[in-house]
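*Asks:* Next come a sequence and a model predicted from it.
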Amino acid sequence: MKHIKHTVAAAAALFSLVGHAATITISCGSVGQDFEFCKKTTSEWAAKTGNEVKLFTVPNSTTDILALFRQMFAAKSSDLDVINVDVVWPGIIKDHLVDLKQYSGGAEKAHFPAIVANNTVNGKLLAMPWFTDAGLLYYRKDLLAKYGVSAPTTWEEMATAAKKIQDGERAAGNNDFQGFVFQAKAYEGLTCDAVEWISSYNGGNIVDDKGNITINNPGAVKALKTAASWIGTIAPQGVLNYAEEEARGVFQNGNAAFMRNWPYAWSLGNGKDSKVAGKIGVSALPKGGADGKHAATLGGWQLAVSKYSKNPEAAASLVMYMTSPEVQKERAIKGSYNPTIPALYKDKDVLAAAPFFGSLYDVFTNAVPRPSTATGLKYNEVSSAFWNATHDVLSGTATAENSLAKLEGKLKQIKRGKDW
Ligand code: GLC
């Protein structure tokens, strides 16, 4: 509580230094409840400080948002003051963000050190942690009970259970029913899913911490072959064009037994528009066979101030308010957005709203990072080569062996030059 009061006081003090009312434009994301929460929190800050806030609508896909921001940065556009930053971007957009250390008053010390380190480039705190993410397995508790299967611990068990439930539900008349839905569209979300599969089969995460290309290995081949075997059997062909929201739509309509998604899907899945409220179980993603391990990709979003903002102090005050413990607590309870402040994982109101924040705490703290630090400015090129190579395997246009060998060659080309 003491800390919360300090943060609000710091935001107010910062505003009094600014001295005049400013109009701050912010982008907060547009997946699930992102926009509604953004509207609520930013208007609270506006009311407290006397400033005005405008919301800037961004596309759903992180890949498209990055492309848009890069264009705006290239034009040194001052249209955006505060931007939402994916956990894999600091190395890519580092030259366009303000160092927040001068405004934070040390508030970052209350957040997970690994995320703060991720957001710190050349000693500059480029973004404040806002919420963290890790891939999870969602399942229908009621259907697992109906078909007498237990929650799967390996991908093989998941596929068997998915097939059994899918066959049963289709025989009972629901021809739209799917065993498993996930993200397999060619974009950053597929990189996240595929890093999970590959890591779970002990195949590493594309590029290691030292920058070595590790992707062409038997674990990775096995993982991609396994995922390809799901398409058209337990997952619809259409999954090749699914992002997070498409998968959630199918699951929430009662048409899937299993879903891979981020924590935000919990709150909506139990919400008033969901047909499966109260029927959802959540677990760690399955292991890659008996010798594999549970692996969740680390995701998450930060808030940052654009270097081209005309009102950096007021923009920073908004960032500090939106990432504060009180706001993170409310978002955790009402939207199942994972806090970036460890203390909130012990908060009883938070745990009552999202019990898996406690039971799966290790999943969140041990999530597998994508190789964005090692590949720096080149991360997006690396990731896009990877998701395309994966998509080719899933859609049956290439074998896993050929696609990964080709990808290795491509990554070697990308690696030439100075930025990785
Ligand atoms: C979620 C994650 C983000 C990831 C994206 C992929 O928004 O938080 O890190 O890049 O999904 O679609």
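*Replies:* The structure has been received and is ready for your questions.
*Asks:* Let me know the helix or strand that the residue in the stretch 1-150 of the chain positioned nearest to the ligand is in.
*Replies:* Nearest to the ligand in the stretch 1-150 of the chain, going by CB to the nearest ligand atom, is Asp133, at a distance of 3.6 Å. Backbone N, C-alpha and C define where each C-beta goes, glycine included. Assigned by DSSP states H and E, Asp133 falls within strand 128-134.
*Asks:* so what's the residue of the stretch 1-150 of the chain closest to the ligand up against?
*Replies:* Val87, Trp262, Pro263, Tyr264, Leu298, Gly299, Gly300, Trp301, Asn338 (CB atoms under 8 Å, 6 or more residues apart in numbering).
*Asks:* now, which of those residues sits nearest the ligand?
*Replies:* Gly299 (2.8 Å).
*Asks:* ok, for the residue of the stretch 51-200 of the chain found nearest the ligand, nearest residue in space, not its chain neighbours?
*Replies:* Across the stretch 51-200 of the chain, the shortest distance to the ligand (CB to the nearest ligand atom) belongs to Gly189, at 3.2 Å. In space, Gly189 comes closest to Gln183 once its chain neighbours are excluded; the distance is 3.9 Å by CB to CB, 6 or more residues apart in numbering.
*Asks:* can you tell me how far that neighbour sits from Ala343?
*Replies:* 31 Å (CB to CB, to the nearest Å).
*Asks:* So if I had to pick from those two, which one is more boxed in?
*Replies:* Gln183 (26 against 14; other CB atoms under 10 Å).
*Asks:* so that one, which of the three states?
*Replies:* Following DSSP: H, G, I helix; E, B strand; the rest coil, the label given to Gln183 is coil.
*Asks:* same question, Glu326
*Replies:* helix.
*Asks:* how many neighbours does it have?
*Replies:* Using other CB under 10 Å, Glu326 is surrounded by 16 other residues.
*Asks:* same thing with Ser150?
*Replies:* The burial count assigned to Ser150 is 9, neighbours taken as other CB under 10 Å.
*Asks:* Would you confirm that it contacts Leu144?
*Replies:* Yes: contact criterion CB atoms under 8 Å: Ser150 and Leu144 qualify, at 6.9 Å.
*Asks:* related to what we said a few turns ago, just the buried ones out of the contacts of Asp133, please.
*Replies:* Val87, Trp262, Pro263, Tyr264, Leu298, Gly299, Gly300, Trp301, Asn338 (16 or more other CB atoms under 10 Å).
*Asks:* For the second one, report the pLDDT, please.
*Replies:* So that's Trp262. Here, the pLDDT recorded for Trp262 equals 98.
*Asks:* And Thr7, by the same measure?
*Replies:* Confidence score, pLDDT, at Thr7: 59.
*Asks:* Stretch 118-126 vs the ligand: in contact?
*Replies:* No: Stretch 118-126 is not in contact with the ligand by CB under 6 Å from any ligand atom; minimum separation 10.9 Å.
*Asks:* Contacts made by that stretch with the rest, please.
*Replies:* Residues contacting stretch 118-126 (CB under 8 Å, 6+ apart): 85, 87, 90-91, 94, 97-101, 104, 108, 116, 127-129, 302, 304, 369, 372-373.
*Asks:* Out of those, which are close to the ligand?
*Replies:* Within the contacts of stretch 118-126, those near the ligand by CB under 6 Å from any ligand atom are Val87.
*Asks:* Of the contacts of stretch 118-126, which belong to helices?
*Replies:* Pro90, Gly91, Lys101, Ser104, Val116, Ser372, Thr373 (DSSP state H).
*Asks:* So what's the residue count around Ile215?
*Replies:* Neighbours around Ile215, by other CB under 10 Å: 23.
*Asks:* just Ser384 next, same as before
*Replies:* 17.
*Asks:* and stretch 234-253, which residues are buried?
*Replies:* Applying 16+ other CB under 10 Å to stretch 234-253 flags 234-236, 239-240, 242-248, 250-252 as buried.
*Asks:* and if you look at stretch 63-73?
*Replies:* For stretch 63-73, the neighbour count (16+ other CB under 10 Å) marks Thr63, Ile65, Leu66, Leu68, Phe69, Met72, Phe73 as buried.
*Asks:* Low-confidence ranges, the protein, go.
*Replies:* 1-19 (pLDDT under 70).
*Asks:* hmm, try it at 50
*Replies:* 1-2 (pLDDT under 50).
*Asks:* Closest to the centroid, which residue in the protein?
*Replies:* Centroid check for the chain by CA atoms, centre = their mean gives Gly299 as the closest residue, at 3.5 Å.
*Asks:* which residues does Trp387 contact?
*Replies:* Ala186, Tyr187, Glu188, Leu190, Thr191, Ala194.
*Asks:* ok, which residues in the stretch 51-200 of the chain are in contact with the ligand?
*Replies:* Residues of the stretch 51-200 of the chain lying near the ligand (CB under 6 Å from any ligand atom): Thr62, Asp86, Val87, Val88, Asp133, Glu188, Gly189, Cys192.
*Asks:* Out of the residues you listed, which comes closest to Gly173?
*Replies:* Gly189 (31.8 Å; CB to CB).
*Asks:* The closest one falls within a helix, correct?
*Replies:* Yes: under three-state DSSP, Gly189 falls within a helix.
*Asks:* which residues does it contact?
*Replies:* Ser61, Thr62, Gln183, Ala243, Glu244.
*Asks:* does the fourth one really touch Gln183, like I thought?
*Replies:* Yes: using CB under 8 Å, Ala243 makes contact with Gln183 at a distance of 5.6 Å.
*Asks:* for stretch 225-234, how far is the first residue from the last?
*Replies:* Chord length of stretch 225-234, first to last residue, is 14 Å (CA to CA, to the nearest Å).
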